[in-house]
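**Q** have a look at this fold, sequence not included:
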């Protein structure tokens, strides 16, 4: 009998891209500052890992500039400290707004409309038999995954056996 593999999803937020370099394959790699981690945890990531970071990538290239030149392996370009500071501030604002929206959404309770007759003290019929009110949203269908994900996020899936 085959065992099902459990997939654990870890979410990492990209706070800012500080550098870019040409990899051994000739593609761009980005030096990423991860949100919630010290600079010791910064890593070089291939462009494929940053597909969800379009706004940040566009901002990086707009800042450092683009051209049609070919660069050799190892060529590195670094963003200026002022731009890095601005991007960190943008991320902090965006992330706090996303967290606030998620928190507000999680605290809202579904509105259930009930007829006044359902609350009658004279009735001998149990409420669950009498009420035609739909069940709360949390019991309908599959539960949604409410993971907070910003546009500058890397999702890492790891299979656990």
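**A** Received it, and whenever you're ready, just let me know what you need. What you see is a predicted model; the values in this text were computed from it and never measured.

**Q** surely residue 57 is in a helix?
**A** Yes - according to DSSP: H, G, I helix; E, B strand; the rest coil, residue 57 belongs to a helix.

**Q** quick one: it from residue 70, how far?
**A** 20 Å (CB to CB, to the nearest Å). In short, each C-beta sits where N, CA and C put it, glycine included.

**Q** so the two - more neighbours on which side?
**A** More neighbours surround residue 57 than the other of residue 57 and residue 70, with 19 against 8 (other CB atoms under 10 Å).

**Q** what pLDDT, on average, does stretch 51-68 get?
**A** What stretch 51-68 shows for mean pLDDT is 95.

**Q** and that stretch, what's buried?
**A** 52-53, 56-57, 59-60, 63 (16 or more other CB atoms under 10 Å).

**Q** stretch 5-12 too?
**A** Across stretch 5-12, burial judged by 16+ other CB under 10 Å covers residue 12.

**Q** same thing with stretch 9-29?
**A** For stretch 9-29, the neighbour count (16+ other CB under 10 Å) marks 12-22, 28-29 as buried.

**Q** looking at these, point me to the pair that's furthest apart.
**A** Spatially, the most separated pair among the buried residues of stretch 9-29 is 13 and 22, at 25.7 Å (CB to CB).

**Q** returning to what we had before: of the buried residues of stretch 51-68, just say which sits nearest to residue 6.
**A** residue 52 (23.5 Å).

**Q** where's the closest one relative to residue 13, distance?
**A** Note on residue 52: its distance to residue 13, by CB to CB, is 10 Å.

**Q** tell me where the chain has strands.
**A** For the chain, applying DSSP state E gives strands covering 6-22, 28-34, 43-46, 76-78, 153-160.

**Q** out of the ones you listed, nearest to residue 97?
**A** Residue 97 sits nearest to strand 6-22 of all the strands of the chain, at 13.5 Å, using CB to CB.
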